[in-house]
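K.L.:
any chance you can model this:
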Amino acid sequence: MTEKINLTFLGTGSAIPTARRNHPAVLLHYRAENILVDCGEGTQRQFRKARLNPCKITKILITHWHGDHVLGLPGLLMTMMLNGYNRKLEIYGPRGTSEKVRQYFDLIGRSVEGLDVEVKEVKDGVFFDRSDFCLESVRVDHDSPAVAYSFNVKEKNRLDREKLAKLNIPNSPLVGELANGKTVEINGKKVDGKKLMYKELARKVAFVMDTRMCEGAVSIAKGADVLISEATYSKEEAEVAKEHGHLTSVDAAKIAKKAKVKALALTHLSQRYEAIPKVILNEAKEIFEDVIIPEDLEEIEL
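P.N.:
Below is the predicted model:
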C-alpha cells in the first residue's frame with residue numbers, strides 16, 4: 001500500500017483575487033506532513049472551506065515575499081495560535097525571509113506569543129532531508145528574491161501494516177526485524193518479513209511560482225510526477241510576462257516538456273482569464289498534452 005501524496009489547491013489566482021480564485025496557496029499532505037506552499041490573503045478561510053485543519057501544518061514554504069503570496073500569513077498564524085497549535089512550525093523561504101517573518105511577528109504582536117517557529121532561508125539544493133522524503137529548492141528569476149521547490153519521496157522498502165495486522169502479531173521489538181526483511185519467530189510461528197514488504201516508488205512534486213523562464217525552473221521540475229506552475233499570461237502577452245517576471249502558458253508547458261514531467265497543473269491565473277481559463281489551457285496543450293487548470297479547493301492524489 002503506497003503512501004499517498006494529496007495536493008489541495010487552496011488558491012489558484014494571482015495578484016488580484018476573483019470570486020472564483022483566491023490568492024496562491026497549495027497544501028501537500030504526505031503521511032504526517034502537511035506542507036503549505038505560499039500563503040496568500042484568505043488562506044486560513046480556504047482551510048475552513050476545504051475542511052482542513054491548519055493546526056496540522058508542519059512546514060510553510062514561501063516562494064517569494066510579494067503580497068499575493070504571503071499576506072495570509074499573519075492571520076493564519078493567529079488562527080493556529082488561538083486553536084492551540086502545539087508543535088514546532090518550520091518556515092522556509094528565500095533570502096530575506098528571517099527579517100520578513102520578524103516584521104510579521106512585530107505587526108501582529110502578542111497575538112502569536114507562544115508559537116514555536118523556526119525560520120530558515122534556502123538557496124540551491126536539498127534543505128530538508130530524512131529517510132522517506134526530502135525538500136529541495138532552487139533560485140529563480142523574479143523581481144524579488146524567489147525560489148522554486150520540489151518535494152521528493154524516496155524509493156524505499158516498507159512494511160505493510162495491513163498485512164501485519166492480519167497476522168495478529170503482538171507489538172514487539174521483533175517487528176523491527178520484520179521491517180528489515182528478516183524472518184523471525186513470534187509465538188512459535190515463523191514470519192518472513194520479506195513477504196510483508198512492499199516497495200514505495202520515488203515520486204516528486206515541483207512548485208514553480210513567479211519567475212521568468214529560466215534554467216532553475218527546469219532543473220527543479222526534472223522528472224516530476226506533477227509540476228505545479230504559474231501561468232499568469234497568455235502566449236500573446238510574452239513581452240509583458242517577461243517584463244513583470246512571470247511565465248506564460250507556453251513557457252510553463254515548455255518547462256514541463258523539457259523537464260519530462262508526467263503532468264502539469266497551471267495556477268496563478270490572471271483575473272483576465274476568470275471566465276475563459278481554457279485560453280490558457282489550450283495554449284499549453286499545444287506543447288504539453290497532460291495539463292490541467294485546477295479550481296480552488298480541487299484535490300489531486302498521487
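K.L.:
now do the contacts for Arg272.
P.N.:
Applying C-beta atoms under 8 Å, 6 or more residues apart in numbering, we find Arg272 in contact with no residue. Every residue, glycine included, has its C-beta placed from N, CA and C.
K.L.:
tell me how far it lies from Asp210.
P.N.:
From Arg272 across to Asp210, the span is 17 Å (C-beta to C-beta, to the nearest Å).
K.L.:
which strand or helix spans Arg21?
P.N.:
Assessed by DSSP states H and E, Arg21 sits outside every helix and strand.
K.L.:
and if you look at the one 5 residues further on?
P.N.:
In this assignment (DSSP H and E), Val26 forms part of strand 25-30.
K.L.:
likewise for Leu227?
P.N.:
Element membership of Leu227, judged by DSSP H and E, is strand 226-230.
K.L.:
show me the shaky parts of the stretch 51-200 of the chain.
P.N.:
110-111, 164, 167-179, 187, 193, 195-197 (pLDDT under 70).
K.L.:
against Leu269, how distant is the closest residue to Glu298 other than its chain neighbours?
P.N.:
Nearest in space to Glu298, with sequence neighbours left out and distances taken as C-beta to C-beta, 6 or more residues apart in numbering, is Phe9 at 5.1 Å. Counting by C-beta to C-beta, the separation of Phe9 from Leu269 is 11 Å.
K.L.:
for Gly42, same thing?
P.N.:
16 Å.
K.L.:
likewise for Arg139?
P.N.:
Computed as C-beta to C-beta, the Arg139 to Leu269 distance reads 24 Å.
K.L.:
the more surrounded of these two?
P.N.:
Leu269 (25 against 18; other C-beta atoms under 10 Å).
K.L.:
contact partners for that one?
P.N.:
Taking C-beta under 8 Å, 6+ apart as the criterion, Leu269 is in contact with 12-14, 21, 231-232, 277, 280, 293.
K.L.:
one more: His246?
P.N.:
Each residue near His246 by C-beta under 8 Å, 6+ apart is listed here: 210-212, 230, 232-233.
K.L.:
now the terminal residues of stretch 47-58, how far apart.
P.N.:
Start-to-end span of stretch 47-58 (C-alpha to C-alpha, to the nearest Å) is 15 Å.
K.L.:
check the offset of it from the chain's centre.
P.N.:
Using C-alpha atoms, centre = their mean, to the nearest Å, the distance from the centre of stretch 47-58 to the centre of the chain it belongs to is 14 Å.
K.L.:
give me the buried positions along it.
P.N.:
Within stretch 47-58, the residues that qualify as buried are 47, 50, 52, 54-55, 57, counting by 16 or more other C-beta atoms under 10 Å.
K.L.:
restricted to helices, list those.
P.N.:
The helices, defined by DSSP state H, take in Phe47 from those.
K.L.:
which residues are in contact with the helix or strand containing Phe151?
P.N.:
Phe151 is located in strand 147-153, with elements delineated by DSSP H and E. The list of residues contacting strand 147-153 from outside it, by C-beta under 8 Å, 6+ apart, reads 3, 5, 28, 30, 35, 37, 61, 63-64, 93-94, 122-123, 132-140, 200-209, 211, 216-217, 220-221, 224.
K.L.:
would you mind checking those residues for buried ones?
P.N.:
Among these, those classed as buried by 16+ other C-beta under 10 Å are 5, 28, 30, 35, 37, 61, 63-64, 93-94, 122, 133, 135-140, 200, 203-209, 211, 216-217, 220-221, 224.
K.L.:
and the contacts of His246 as a markdown table, adding secondary structure and distance to Val147?
P.N.:
Shown next, in a markdown table, are those (DSSP: H, G, I helix; E, B strand; the rest coil; distance: C-beta to C-beta, whole Å):
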| residue | secondary structure | distance to Val147 |
| --- | --- | --- |
| Asp210 | coil | 10 |
| Thr211 | coil | 9 |
| Arg212 | coil | 14 |
| Glu230 | strand | 13 |
| Thr232 | coil | 18 |
| Tyr233 | strand | 21 |
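K.L.:
which among these gets closest to Ala165?
P.N.:
Distance to Ala165, by C-beta to C-beta, is smallest for Glu230 among the contacts of His246, at 43.5 Å.
K.L.:
quick check: that closest one touching Gly245?
P.N.:
No: contact criterion C-beta atoms under 8 Å: Glu230 and Gly245 do not qualify, at 10.2 Å.
K.L.:
anything in contact with each of those two?
P.N.:
Common neighbours of Glu230 and Gly245 (C-beta under 8 Å, 6+ apart) are 210-211.
K.L.:
what about these two, which has more around it?
P.N.:
Neighbour totals were compared for Glu230 and Gly245, and Glu230 leads with 28 against 18 (other C-beta under 10 Å).
K.L.:
which strand residues bridge the more buried one?
P.N.:
In this structure, Glu230 bridges to Thr267 when assessed by DSSP bridges.
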